[in-house]
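> The amino acid sequence is not available; the structure is as follows:
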């Protein structure tokens, strides 16, 4: 090849939520820049929350993301309940976990089969994939619908549910209302195990990295709505000390802030992290599904995240069935709540990883300061690091092949750029 | 019908949460049928196949908040036979329109260490403030059934059957006792457009107006009731100023009670 300077622009990366760009610069055979650029127009949630009643925060912050509104509702409630020292009764905690199971199922299945699997099977989208893999796509849609069924019933609707408030819910479902979900969820559990079989046969790139995984960890359950903040290198902190561990930095190429540890370290959030740090908390069928898929207790190949999501879908379905079977409506839909002045901290496990909220509230219950750290903003740095490590040994590949694999590598994280951030536009500069 | 004869659909995103376009992917039972009835020429959230225009129908989600997007929406309009806005952001500016009342430069400083790196307009405005819009679908988020009805109607060349009455009507149809009258729960149902199925009252809470103002609303009369329930004027202002804060009927009423939010 002759020495020329080449700039190749490829259209927006698809099948991600939100808009961004990827910039790779290759100079003299060396990769000099790998930047995930996020151009999502800023919406200033942390500013617009100032002066709002803290009771409005869950519904308002849910609008940060239409893909994982339950996660926003849950982290927001957790932070304000922390501020007030509110103890949520166990049956309501269980019901919240059931709602979260619904979101994990629908969000994971959407990502796995509609957004990510087309990469591995060579299709532009799930609709084209359905022409040759119709049974798989139809099964996936049915599993996804079972998850959405939970969110719709318990939350009132699938996107931006309306039934969540600080302390619990507005209205509790009856046992009779939940019961009809059971058959579809039981079907979906079997179907999810089956759907993992073709995923085990996929040709994953031979690529592993030594990540610092960060997730929540709880005494008795696989983490969703609560737990301590732990890492694979020994960090173990209450959520109130999140800011001591991870701090945000504004980088020029992104409207979404980057997070780093005090010594500049990059952390990995999401299914791989949860699974690695909580393998002992998997439900029996989820553990069996992981073993059947050939997954070790710690998965360091980010391309295999599609399988780990599948394991978490099995877990969420199993948990949903357990929670429905054990559900006894309590006396009250929500613990009584009175706002007070203070600072509250909350973190829960969005499908994409730890979602952190911090609010300062005055004596009238109005928010004076808010901080929200979406998992994708934390993962940006690790995505960039993956790209550098993956692209460097593959620079000999043609641009088109590099582009395809970079897109898949980004989708490994199910990045939800709308949480802060535009189309991913890939530019390859070769000098 | 040959593939070439199918109407060509495009789905666009501006400042938003992605929730309204996700509603299309949440049509689990209908998605493959919809994909059979139209050519999905552009839908970046769901497909990496991106075909050039022109398009028969463009669904537009999100509001206009940057100079770049102000130009981009003109280009979308030029490529589209019918342009349909979906959701509260595209039809009323969304929650991010709260900035219209405030100093956005101050907001940049609150959120970003380097506000000078941030490019955004002082306002968040609906699509119709920039280009001609053929239909508007309300909601934060849109209702799936309404979205399917709209697509079916456009494909059949008829007017979509989308209610313009209030949430109260849906509450009555559903048999839900009035939360405002029976329980004294603040509710925006009387001034809010139907379409959600009146879910909030069915879940024992008041409507928070996510579908925006109905046709010919009378928010002043409702505000009297809400003040009589003990709401203070600042809270009343906040009640109207959420996901449709820049819709005139809601914004003006909020302003009347709480001029300096």
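Perfect, I can see it now. Only a predicted model underlies this, so the values are computations on that prediction, with no experimental measurement involved.
> Only C-alpha atoms from now on, for both contacts and neighbour counts.
OK.
> Show the residue spans covered by the strands in chain B.
Counting by DSSP state E, chain B has strands at residues B:8-13, B:39-42, B:55-61, B:80-86, B:135-137.
> To chain A, which of those strands lies closest?
strand B:8-13 (8.1 Å; Cα to the nearest Cα).
> who are the neighbours of that closest one, in terms of helices and strands?
Strand B:8-13 is packed against strand B:39-42, strand B:55-61, with contacts defined by 3 or more Cα pairs under 8 Å, 6 or more residues apart in numbering or on different chains; DSSP states H and E.
> For that strand, list every residue counted as buried.
Neighbour-count burial for strand B:8-13, counted by 16 or more other Cα atoms under 10 Å in any protein chain shown, picks out B:8-13.
> hang on, the earlier thing: a markdown table for the helices and strands packed on strand B:8-13, including mean neighbour count?
Formatted as a markdown table, the helices and strands packed on strand B:8-13 follow (neighbours: other Cα atoms under 10 Å in any protein chain shown):
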| stretch | mean neighbour count |
| --- | --- |
| strand B:39-42 | 21 |
| strand B:55-61 | 25 |
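> Can you add mean pLDDT and distance to residue B:97 and give the ones you listed back as TSV?
Shown next, in TSV, are these (pLDDT from 0 to 100; distance: least, Cα to Cα, whole Å):
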stretch	mean pLDDT	distance to residue B:97
strand B:39-42	95	27
strand B:55-61	97	15
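> can you tell if stretch B:40-49 touches chain A?
Yes - if you take Cα under 8 Å from any Cα of the partner chain as the test, stretch B:40-49 does meet chain A, through B:44-49.
> cool, and stretch B:131-142?
Yes - Stretch B:131-142 is in contact with chain A by Cα under 8 Å from any Cα, via B:140-141.
> Residue A:22 reaches residue A:253, doesn't it?
No - if you go by Cα atoms under 8 Å, residue A:22 and residue A:253 don't touch, sitting 9.8 Å apart.
> For stretch B:94-110, which residues meet the burial criterion?
Neighbour counts using 16+ other Cα under 10 Å place B:94-101, B:104, B:107-108, B:110 of stretch B:94-110 among the buried residues.
> ok, now stretch B:64-76?
By neighbour count on 16+ other Cα under 10 Å, the buried set for stretch B:64-76 is B:64-66, B:69-70, B:73, B:76.
> which among these are in contact with chain A?
Applying Cα under 8 Å from any Cα, the subset of the buried residues of stretch B:64-76 adjacent to chain A comprises B:65-66.
> got the buried residues of stretch B:64-76 as a markdown table, with pLDDT and distance to residue A:161 columns?
Output for the buried residues of stretch B:64-76, formatted as a markdown table (pLDDT from 0 to 100; distance: Cα to Cα, whole Å):
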| residue | pLDDT | distance to residue A:161 |
| --- | --- | --- |
| B:64 | 97 | 25 |
| B:65 | 96 | 26 |
| B:66 | 93 | 29 |
| B:69 | 95 | 29 |
| B:70 | 97 | 31 |
| B:73 | 98 | 30 |
| B:76 | 98 | 31 |
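> before we move on, which element is residue A:31 in?
Using DSSP states H and E, residue A:31 sits within strand A:30-38.
> For the helix or strand just after that strand, which helices and strands make contact with it?
The helix or strand immediately downstream of strand A:30-38 is helix A:45-48, counting by DSSP H and E. If contacts are counted by 3+ Cα pairs under 8 Å, 6+ apart, helix A:45-48 sits against strand A:367-373, helix B:104-111.
> which residues does residue B:21 contact?
B:11, B:61, B:86 (Cα atoms under 8 Å, 6 or more residues apart in numbering or on different chains).
> for those residues, which one is nearest residue A:333?
Set against residue A:333, the nearest of these by Cα to Cα is residue B:86 (33.1 Å).
> How about the closest one, nearest residue that isn't a chain neighbour?
residue B:137 (4.8 Å; Cα to Cα, 6 or more residues apart in numbering or on different chains).
> check contacts around that neighbour.
The contact partners of residue B:137, by Cα under 8 Å, 6+ apart, come to B:84-87, B:91, B:146-147.
> now do residue B:13
Neighbours of residue B:13 in contact, by Cα under 8 Å, 6+ apart: B:60-62.
> Take the residues you listed and write them to a markdown table, including distance to chain A.
Converted to a markdown table, those look like this (distance: Cα to the nearest Cα, whole Å):
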| residue | distance to chain A |
| --- | --- |
| B:60 | 14 |
| B:61 | 12 |
| B:62 | 10 |
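> Give the single residue among those positioned nearest to residue B:173.
residue B:61 (29.6 Å).
> okay, now the residue of chain A found nearest chain B: neighbour count?
Of all residues in chain A, residue A:66 sits closest to chain B, with a separation of 3.7 Å (Cα to the nearest Cα). For residue A:66, the neighbour count with other Cα atoms under 10 Å in any protein chain shown is 26.
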